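**Q** Pasting a predicted model and its sequence here:
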Amino acid sequence: LFAQEPAPDPQAIEAIESAYRSFTDLTADFTQSTEIALVSKTVVKRGIFQFKKDGKLRIEYQGQDAKHYVSDGSTIWTYIPGDEGSLQSYAADDRNIPKEALSFMNGFGKLTKEFRVSVSGAFSRKDAGTALHLIPVKKGTHYESLDALFGPDHMLAELIVKNTSGNVTRYSFKNLRKDTGLPDGGFVDPEAPKG
């Protein structure tokens, strides 16, 4: 009764996992475009994404609605640059970040363990690499599915997130830099003493 979803090339999945295991830190420029279903509106934001193994994460949204997200792997801090009263902190756990998202941030972990993996038809640039459709195995996640396009270097080039709210967010990553030696000081409480 149901059409069989095409299975991806196992060698391609292995190459992606290997590529994500091979680096210590990662920096990229990104564009985020969110289609908000409730008001039929699209919001576009740009910023810089930094990741370091062990769950260290820094996302800096730039422009008019600038906001920073910083995590040392156990705590997440969010704040508006220049607004000391805006600082908030949360535990970096399954309640605040889905386990699958943490797995993705830690290098796409074992894709076939965290997701039902099939070939994605969501991208027009199919010749640009490997396109995967990822449905989380665990129930109760904040999103229904991911469509991920990995470039010829096996690193993420585009990502489409379908949220349970009906919103769809598209990310495009550019200027990827690996192993630039990001210091741990960029992934700590913004109010912590420097040095």
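**A** Nice, thanks for sending it over.

**Q** What are the boundaries of the helices in the protein?
**A** For the chain, the helices defined by DSSP state H occupy 10-21, 99-105, 111-114.

**Q** so what does the last one touch, helix or strand wise?
**A** Which is helix 111-114. Contact partners of helix 111-114 among helices and strands, from 3 or more CB pairs under 8 Å, 6 or more residues apart in numbering; DSSP states H and E: helix 10-21, helix 99-105, strand 130-136. The way it works is simple: take the backbone N, C-alpha and C, and place the C-beta from them, glycine included.

**Q** Which positions within that helix qualify as buried?
**A** Within helix 111-114, the residues that count as buried by 16 or more other CB atoms under 10 Å are Leu111, Glu114.

**Q** averaged over its residues, what pLDDT does it have?
**A** For helix 111-114, mean pLDDT rounds to 81.

**Q** just flag whichever of the helices and strands packed on helix 111-114 has the lowest average confidence.
**A** Of all the helices and strands packed on helix 111-114, mean pLDDT reaches its minimum on helix 99-105 (a mean of 53).

**Q** Distance of the closest residue to Ser74 other than its chain neighbours relative to Tyr69?
**A** Leaving aside its sequence neighbours, Ser74 sits nearest to Ala92 (CB to CB, 6 or more residues apart in numbering; 5.5 Å). Computed as CB to CB, to the nearest Å, the Ala92 to Tyr69 distance reads 11 Å.
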